[in-house]
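*Asks:* below is the structure, and that's it, no one-letter string:
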DNA sequence: TTCCATGCAAACACTTTGCACCGTG
DNA sequence: CACGGTGCAAAGTGTTTGCATGGAA
């Protein structure tokens, strides 16, 4: 995905601001990032920018389909760029590790939801909590 | 599931208070309920009870495995009793409808996560967002 | 020059905590 | 009668909003 997002911004009546660029760049660089983390990165790479600006821009970017969010913890939303291949997430409750999984792994599940429940699942937003085997075995906590 | 939760409470060093009973009863009656909704029900059925007491009791009840929570909306947690058969949830982003689904529907998905990803999914906490076909077709909003 | 975007501070929604008093066990 | 539970109020988080100013188009 190249530079056409600039077009998309303008085409939707939005403006291209430095803050907007920085927020998008930060999300792409971080992989999975909370608004606070985005703020931190943007700040280090340059100027001052406000948290509310980060929120507002993440919202715009998501509306344009440039980023997506998922709830990787009980409290905070985390954003990731859609430049990456689509994926869903599994999160280990014990070691907090987050792994991105190929949607193919959920394909038949998705299919069953569609045919049996009449439900079109949004995998890009899916988060499955549980625990990884490593944590299961070393259950010293 | 009968009355043995009283034992379980005491066995874990907790006490059996009227508030505790009321909170559990409210969750069972409501099916899926946010802390605020639990509060409302408890209040109507009787005495005054504080929101923080509701939170504290939901926490205790979850620790004992009597209730579980899942994030059925982007903001609030909703609790449900474990007396009901285990299930996971699908939530329509358009009509907000929440449907409980038999874990069997996710069984093979769960299995793939286990074998291919070395991950033990916690289905009871699973929420799949998306949209129901009815909403898909009548796409006038 | 027009509006959208930004910064800042205040408001919000949800949840947690400190503390004195209450009541179960 | 000891110790966990409760109510109340205050403090925390994470997120949103109002408003005057700034800057992209």
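*Replies:* That came through fine. It should be emphasised that the depicted structure is a prediction, and the values quoted were computed from it without experimental measurement.
*Asks:* tell me what the helix or strand bottoming out on mean pLDDT in chain A is packed against?
*Replies:* Lowest on mean pLDDT, DSSP states H and E among the helices and strands of chain A sits helix A:133-137, with a mean of 84. When contacts are defined as 3 or more C-beta pairs under 8 Å, 6 or more residues apart in numbering or on different chains; DSSP states H and E, helix A:133-137 sits against strand B:119-121. Every residue, glycine included, has its C-beta placed from N, CA and C.
*Asks:* the strand it packs on pairs with which strands, parallel or anti?
*Replies:* strand A:127-132 (antiparallel) (DSSP bridges).
*Asks:* on that earlier part again, and the least confident helix or strand of chain A, what's buried?
*Replies:* Of all the residues in helix A:133-137, those buried under the rule 16 or more other C-beta atoms under 10 Å in any protein chain shown are residue A:135.
*Asks:* tell me which residues are up against it.
*Replies:* Outside helix A:133-137, the residues within contact range by C-beta atoms under 8 Å, 6 or more residues apart in numbering or on different chains are A:92, A:94, A:95, B:118, B:119, B:120.
*Asks:* and the closest residue to residue A:65 other than its chain neighbours, how many neighbours does it have?
*Replies:* Excluding its sequence neighbours, the residue lying closest to residue A:65 (C-beta to C-beta, 6 or more residues apart in numbering or on different chains) is residue A:82, at 6.1 Å. If you count neighbours by other C-beta atoms under 10 Å in any protein chain shown, residue A:82 ends up with 18.
*Asks:* I'd say residue A:82 and residue A:68 touch.
*Replies:* Yes. Assessed by C-beta atoms under 8 Å, residue A:82 is found in contact with residue A:68 at 5.8 Å.
*Asks:* which neighbours do these two have in common?
*Replies:* residue A:124.
*Asks:* which stretches of chain A have low pLDDT?
*Replies:* A:1-2, A:138-141 (pLDDT under 70).
*Asks:* which single residue of it ends up nearest chain B?
*Replies:* Chain A approaches chain B most closely through residue A:109 (3.6 Å), counting by C-beta to the nearest C-beta.
*Asks:* tell me the SS of that residue?
*Replies:* Put simply, residue A:109 is helix when judged by DSSP: H, G, I helix; E, B strand; the rest coil.
*Asks:* okay, now the residue lying closest to it once chain neighbours are set aside: neighbour count?
*Replies:* Of all residues beyond its chain neighbours, the one nearest residue A:109 is residue B:109 (3.6 Å), with distances taken as C-beta to C-beta, 6+ apart. For residue B:109, the neighbour count with other C-beta under 10 Å is 21.
*Asks:* for residue A:68, same thing?
*Replies:* Counted with other C-beta under 10 Å, residue A:68 comes out at 19.
*Asks:* ramachandran angles for it?
*Replies:* With angles defined as degrees, to the nearest 10, residue A:68 sits at phi -140, psi 160.
*Asks:* contacts only, for it.
*Replies:* A:62, A:79, A:80, A:82, A:124, A:125.
*Asks:* show the buried residues in these.
*Replies:* The buried subset of the contacts of residue A:68 (16+ other C-beta under 10 Å) comprises A:62, A:79, A:80, A:82, A:124, A:125.
*Asks:* can you tell me which of the residues you listed are in helices?
*Replies:* Secondary structure defined by DSSP state H assigns residue A:62 of the buried ones among the contacts of residue A:68 to helices.
*Asks:* let me know the closest of the buried ones among the contacts of residue A:68 to DNA strand C.
*Replies:* residue A:62 (13.5 Å; C-beta to the nearest atom of the strand).
*Asks:* is it true that the closest one touches residue A:80?
*Replies:* No. Between residue A:62 and residue A:80 there is no contact under C-beta under 8 Å: 10.4 Å.
*Asks:* okay, and the common contacts of those two?
*Replies:* Residues touching both residue A:62 and residue A:80 (C-beta under 8 Å, 6+ apart): A:68, A:69.
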